[in-house]
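# Below is the sequence, then the predicted model.
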Amino acid sequence: MVEIDHTCAMCGIMNEDTMHSLVMCDYANSIWTQSHLPIPLNVTNIFHAWFSDLLNSLDTNGIIYAAAILYYIWKARNGAVWDACLPRRRRVIAAEAIAVMHAWRQVHPDRGHYIADETPVHLEATATLSPQNTAAAHTAALLELSAVAATGRRRCLLDAGYWHETGKATIGAIILSEDGRYVSAFNAPLPDCSSPLMTEAFACNEVLSWLWDRGVRSIELFTDCLTLQQYLSSATTLFRSYIGYAFDTCRTRIASFEYCLVSFIPRSDNYLAYSLASTAFTQTSVMYWDSVAPNSISSHFE
């Protein structure tokens, strides 16, 4: 029988598990501190939950950087176990993690830079832009929304809601005619969502299914989540995860339409879908409104 020592080889104090080795150990924690990444404050003992929170707060470069740090912390841990050798913390950051991140960027120069800015109940993800560029993006979105009406194509506005405290998630969507008149709407609670970005991905899938079932084959889809819009416009999935596969499903559904373009709209102009998603928090099932708008938004069409 081989006796196994569960003591962490890096700090020599605590029993080792995944969360301790990669995050909580003094050695690992010091590396994360030096990385200057926005480490989740509400630290859990469940690694995949901590890592999911971390991913939701990072842009593409940050995700690559975090993955490199995790790899080299684990490599350092194995060196401590098998070779009784632990590299200096600054070396893990400067000479290894940062170096491999830059190498990855050189191989993949076309990957975008996105970061999610999450707020309770409703979500708005914005790109890592300067204030001037952010204002320009909002102006461009408004011009695009106006241009869509001139092309004679129907619009669908969607929004997703998420309560961090309870994990409840919702969706609201509305179809507008070519001249801005009400056509149809629906809202619903969403099950099994563990993060804002997952909620956005699931919401988009539900809206696409709803449109397809209604026989819609040509549509302009508008979301106030710029991260969602950017991911769906990307040719490849930026990370392989449950959320990543959800975005792949969205792209596959979009490709089945004759025409389906996902565009960004400022949150202030997405108030109809916002209202629908807000009221869904008190519902237990999906609600549909054809021809006549629901009470929560009916005043906008009088």
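Right, received. Where do you want to start? Numbering: from 1, shown residues only.

# domains of this protein?
The chain is divided into the following domains under automatic domain parsing: 18-107, 121-301.

# so who does the nearest residue to residue 177 once chain neighbours are set aside touch?
Of all residues not flanking residue 177 in the chain, residue 183 sits nearest, at 5.3 Å (Cβ to Cβ, 6 or more residues apart in numbering). C-beta here means a position set from N, CA and C on the backbone, and glycine is covered the same way. Residues near residue 183 by Cβ atoms under 8 Å, 6 or more residues apart in numbering: 154, 174, 175, 176, 177.

# Over to residue 171: give its phi and psi.
Dihedral angles of residue 171 (phi, psi; degrees, to the nearest 10) stand at phi -140, psi 150.

# partners of it in the sheet?
Beta bridges link residue 171 to residue 160, residue 188, judged by DSSP bridges.

# quick revisit: now rank the contacts of residue 183 by neighbours and give me the top one.
Using other Cβ atoms under 10 Å as the neighbour criterion, residue 174 leads those with 27 neighbours.

# where's the residue nearest to residue 177 relative to residue 34, distance?
Per Cβ to Cβ, to the nearest Å, residue 183 is found 54 Å from residue 34.

# Please apply the same query to residue 229.
For residue 229, the distance to residue 34 - Cβ to Cβ - is 34 Å.

# Tell me which of the two has more neighbours.
Using other Cβ under 10 Å as the criterion, residue 229 and residue 34 rank with residue 229 on top: 24 against 15.

# Tell me how far that one lies from residue 200.
10 Å.

# ditto for residue 25
From residue 25 over to residue 200 (counting by Cβ to Cβ), the distance is 34 Å.

# Neighbour count for the two, which is higher?
residue 200 (32 against 22).

# Pretty sure that one sits in a helix.
Yes: judged by DSSP: H, G, I helix; E, B strand; the rest coil, residue 200 forms part of a helix.

# didn't it look like it was pressed against residue 228?
Yes: applying Cβ atoms under 8 Å as the test, residue 200 and residue 228 come out as touching, 4.6 Å apart.

# Report the contact partners of residue 293.
Contacts for residue 293 (Cβ under 8 Å, 6+ apart) come out as 182, 185, 300, 301.

# Now the common contact residues for residue 229 and residue 200.
With Cβ under 8 Å, 6+ apart, residue 229 and residue 200 have common neighbours residue 223.

# A helix includes residue 247, no?
Yes: according to three-state DSSP, residue 247 belongs to a helix.

# The nearest residue to it once chain neighbours are set aside and residue 155: what is the separation?
Leaving out its chain neighbours, the residue that sits closest to residue 247 by Cβ to Cβ, 6+ apart is residue 231, at 5.0 Å. Applying Cβ to Cβ, the value for residue 231 to residue 155 is 20 Å.

# quick one, phi psi at the residue nearest to residue 177?
Dihedral angles (degrees, to the nearest 10) for residue 183: phi -120, psi -60.

# what about the strands in the stretch 101-250 of the chain?
121-122, 155-162, 169-176, 182-190, 218-223 (DSSP state E, counting those that start in this stretch).

# follow-up on the earlier one: Throw the contacts of residue 293 into TSV and include distance to residue 68, neighbour count and pLDDT, thanks.
Listed next are the contacts of residue 293 as TSV, based on distance: Cβ to Cβ, whole Å; neighbours: other Cβ atoms under 10 Å; pLDDT from 0 to 100:
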residue	distance to residue 68	neighbour count	pLDDT
182	50	20	93
185	45	26	96
300	49	13	83
301	52	12	83
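
# now, among those, which is nearest to residue 50?
Distance to residue 50 across those (Cβ to Cβ) is lowest for residue 185, with 37.5 Å.

# Could you tell me what pLDDT the model assigned to residue 161?
Residue 161 carries a pLDDT value of 91.

# Ignore what I typed, I meant residue 49.
Note on residue 49: pLDDT of 83.
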